[in-house]
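*Asks:* my questions concern the predicted model and sequence given below.
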Amino acid sequence: MSAGLRFTLAITGASGAAFGVATLKRLSANPAVAQVALLLSPTGRRCLLDETGLAPKDLAALPKVSLRDERDLGADISSGSHRQDGMVIVPCSAGALGRIASGVSETLVSRAADVCLKERRPLVLCLRETPLNRIHLENMLRVHDAGAVVMPLTPGFYSGPKTLEDLFDTFATRVLDQLGLSETDGRRWKEGGRP
Ligand SMILES: Cc1cc2nc3c(=O)[nH]c(=O)nc-3n(C[C@H](O)[C@H](O)[C@H](O)COP(=O)(O)O)c2cc1C
């Protein structure tokens, strides 16, 4: 794996902002990662504050994390010529999924995701909505067929989590796997049963 990887992480307006925070912390701490561009939709900011008490500036204080203006379509990550190594949206709202599935790139979140698909870079969408209607289901198939990984916010319980943080963190491990950043995690499934 080459040093100095650059990823984008977006938090959109869906429940589960803590999963985004946990994933961001893991990306920030990973030695192979040089930079994480952080995006928050307006409703993503609201969910972050409501559910975690954190403000965007608290996340921007993490090492290697740079907070971007979600309205700035002239940002570096808006262009395929800017080197990026992948993007994760966690949590991903059904609205963000719909915009990406339709190629509607009017915000930096949907444009950066669109760039990942056209450049064949990893794009992981951690959808958070339930129940799912036919439009959601069709949109998941569309983005899957276009190259994205649809990874609903459904953490595993086989590792015997003791705290919510354990759940967030085991899910973050799986997201990093999808970005090609496999980390040692003692909570992975082992032959014969629980880790
Ligand atoms: C407090 C709150 C919680 C929400 N939770 C969800 C959710 O879990 N899943 C979802 O798909 N939309 C949810 N929504 C609706 C989306 O935020 C809304 O459709 C928004 O337009 C999505 O745009 P965004 O992806 O740019 O944030 C929620 C909205 C609010 C205000």
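*Replies:* Thanks, I have the structure now. Here the structure is a predicted model, which is why all the values come from computation and not from measurement.
*Asks:* tell me the pLDDT at the residue of the chain found nearest the ligand?
*Replies:* Per Cβ to the nearest ligand atom, residue 13 is where the chain lies closest to the ligand, at 2.5 Å. Placement of C-beta: from N, CA and C, glycine included. We have a pLDDT of 98 for residue 13.
*Asks:* over to the one 5 residues further on?
*Replies:* Here the pLDDT value assigned to residue 18 is 98.
*Asks:* same check on the one 3 residues further on?
*Replies:* Note for residue 21: predicted pLDDT of 98.
*Asks:* same question for residue 145.
*Replies:* pLDDT, residue 145: 98.
*Asks:* just to revisit the earlier point, identify the residue nearest the residue of the chain closest to the ligand in space, chain neighbours excluded?
*Replies:* Excluding its sequence neighbours, the residue lying closest to residue 13 (Cβ to Cβ, 6 or more residues apart in numbering) is residue 43, at 2.5 Å.
*Asks:* do the same with residue 120
*Replies:* Using Cβ to Cβ, 6+ apart and skipping residues adjacent in sequence, the residue nearest residue 120 is residue 147, 6.2 Å away.
*Asks:* how many residues are close by that neighbour?
*Replies:* Look at residue 147: counted by other Cβ atoms under 10 Å, it has 14 neighbours.
*Asks:* wait, doesn't it sit right on residue 117?
*Replies:* Yes - using Cβ atoms under 8 Å, residue 147 is in contact with residue 117, at 5.3 Å.
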